[in-house]
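A.B. asks: Following is a predicted model, sequence given first.
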Amino acid sequence: MVKVTVPATTANLGPGFDTLGLALNLYNTYTFEEINEGLVFEGCPDKYKNIENLVYQSFAKTAKLLGKNLEKNSYGLKITMDTHIPVSRGLGSSSACIVGGVFGANALLKGNLSKDELFKIAVEIEGHPDNVAPAVYGGLTAAIVENGVYSVKYSISDKIKFCALIPDFETSTHEARKILPSIVSFKDAIFNVSRTAVLLKALEEGNFELISVSLKDMLHQQYRKTLISEYDEVKKICLENGSHAFFISGSGPTLMNITNDPDFIKNMENSTRYLKNKWDIKFLNADRSGVIIK
Ligand SMILES: Nc1ncnc2c1ncn2[C@@H]1O[C@H](COP(=O)(O)OP(=O)(O)OP(=O)(O)O)[C@@H](O)[C@H]1O
Ligand SMILES: N[C@@H](CCO)C(=O)O
């Protein structure tokens, strides 16, 4: 039996579209067990209890790379999930499933693929690297895909706390990518490049003034906010309550804040009570370890 624990992740962090990602202390655990025959799922919604399941598909793809074709050998597998990362909310639930399946297969089947090799397989399945990198390596990461995948880790100050507002509705990453323009202006590109570079130093130093200036974006949020009900109302409330930075987590709809105010959550609960949607408010810290296999 193998247990794989994977952190939630927030991608983009404003200007670093498809590049930056941060692991958060909210986790899914996937347990893989060999059984006599068949494929059994426990702990996930019925709609995912089938061969299309992303954890299973990621497991099967890795198994194939290790020379084991699951269907051919009618391999018996039980996957038990203990999930805390909300689905389709911009907190990396799909990357967690993929990393769980890829690392679970290598461990259960006693494969000899390295962490970096497993990272590449997971990115190939996900299609972009910014959630997978922090899910694997932990902390704050930046990644590039070009004839391979490259990922580096940055440090992030302990002073920084994240406050996520997770709504009771979903948006799909696929839809949130379709809405983006295919061409951006030179001015907007420079806006994001300069802010991404400054933001990384600001996060390392825990410099809240610089974080406020640099955690801004012109490439995706202005388009995606139209998919998020009450975006403007929630943004106004967050800024009035002293959020240092407000941004869409991943492809949304979770809205994220950076704060160092311990009363932020209490104030937010009061101010969001009368909104149309229900917003679950969670204080989160950076996860430093990434995927853990036991
Ligand atoms: N427990 C699960 N079992 C199987 N599939 C899951 C599970 N949790 C999530 N998924 C898959 O992940 C998909 C959600 O991925 P999507 O990329 O839309 O959102 P996200 O990863 O939560 O957000 P983001 O990519 O913006 O951080 C679901 O539609 C489903 O296919
Ligand atoms: N960079 C990705 C993250 C979501 O998976 C996006 O914003 O579409």
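C.D. replies: Right, received. Where do you want to start? Ligands and ions are numbered 1, 2, ... in the order given.
A.B. asks: how close does the single nearest residue of the stretch 101-250 of the chain relative to ligand 2 get to G242?
C.D. replies: Here the residue of the stretch 101-250 of the chain nearest ligand 2 is G250; by C-beta to the nearest ligand atom that distance is 3.8 Å. Quick note: C-beta positions are derived from backbone N, CA and C, even for glycine. With distances defined as C-beta to C-beta, to the nearest Å, the gap from G250 to G242 amounts to 24 Å.
A.B. asks: May I see the buried residues of the longest helix anywhere in the chain?
C.D. replies: In the chain, with assignment by DSSP state H, the single longest helix is helix 186-205. By neighbour count, and taking 16 or more other C-beta atoms under 10 Å as the criterion, the buried residues in helix 186-205 are 191-192, 195-196, 198-200, 202-203.
A.B. asks: circling back: who has more neighbours out of G250 and G242?
C.D. replies: The neighbour comparison of G250 against G242 (other C-beta atoms under 10 Å) goes to G250, with 29 against 13.
A.B. asks: D263 versus the closest residue to ligand 1 within the stretch 151-294 of the chain, what's the distance?
C.D. replies: Nearest to ligand 1 in the stretch 151-294 of the chain, going by C-beta to the nearest ligand atom, is G250, at a distance of 2.9 Å. Summarising the geometry, the distance separating G250 from D263, computed by C-beta to C-beta, is 27 Å.
A.B. asks: on that earlier part again, wait, the residue of the stretch 101-250 of the chain closest to ligand 2 sits on T173?
C.D. replies: Yes - between G250 and T173 there is a contact under C-beta atoms under 8 Å: 7.2 Å.
A.B. asks: Now the phi/psi pair for I166, please.
C.D. replies: The phi and psi torsions at I166 (degrees, to the nearest 10) take the values phi -110, psi 110.
A.B. asks: Tell me who's in contact with it.
C.D. replies: Applying C-beta atoms under 8 Å, 6 or more residues apart in numbering, we find I166 in contact with 86, 89, 91, 254, 279-282.
A.B. asks: Farthest out from the centre of this protein, which residue is that? Tell me.
C.D. replies: Relative to the C-alpha centroid of the chain, counting by C-alpha atoms, centre = their mean, N36 is the outermost residue, at 34.1 Å.
A.B. asks: Would you confirm that that one contacts L77?
C.D. replies: No - taking contacts as C-beta under 8 Å, N36 lies outside contact range of L77: 10.4 Å.
A.B. asks: in the helix or strand bottoming out on mean pLDDT in the chain, what counts as buried?
C.D. replies: Taking all helices and strands of the chain together, the one with the lowest average confidence (mean pLDDT, DSSP states H and E) is helix 264-272, at a mean of 91. By neighbour count on 16+ other C-beta under 10 Å, the buried set for helix 264-272 is 264-265, 267-268, 271-272.
A.B. asks: right, and the helix or strand after it?
C.D. replies: As assigned by DSSP states H and E, the chain's next helix or strand after helix 264-272 is strand 279-284.
A.B. asks: give me the element P7 is part of.
C.D. replies: Here P7 is assigned to strand 2-11, by DSSP H and E.
A.B. asks: Give me the buried stretch members for the following helix or strand past that strand, please.
C.D. replies: Tracing the chain C-terminally past strand 2-11 and defining elements by DSSP H and E, one meets strand 20-34 next. Within strand 20-34, the residues that count as buried by 16+ other C-beta under 10 Å are 20-24, 26-32.
A.B. asks: Please identify the pairing partners of the helix or strand that strand 20-34 is followed by and their relative orientation?
C.D. replies: Next in sequence after strand 20-34, counting helices and strands by DSSP H and E, comes strand 39-42. With DSSP bridges as the test, strand 39-42 is paired with strand 77-83 (parallel).
A.B. asks: Any residue of whichever helix or strand comes after the partner strand touching ligand 2?
C.D. replies: As assigned by DSSP H and E, the chain's next helix or strand after strand 77-83 is helix 93-108. No - counting by C-beta under 6 Å from any ligand atom, no contacts exist between helix 93-108 and ligand 2, the nearest distance being 7.0 Å.
A.B. asks: From the contact counts, what lies against helix 93-108?
C.D. replies: Helix 93-108 makes packing contacts with strand 2-11, strand 20-34, helix 54-65, strand 77-83, helix 115-126, helix 132-137, strand 292-293 when contacts are defined by 3 or more C-beta pairs under 8 Å, 6 or more residues apart in numbering; DSSP states H and E.
A.B. asks: Sounds good, over and out.
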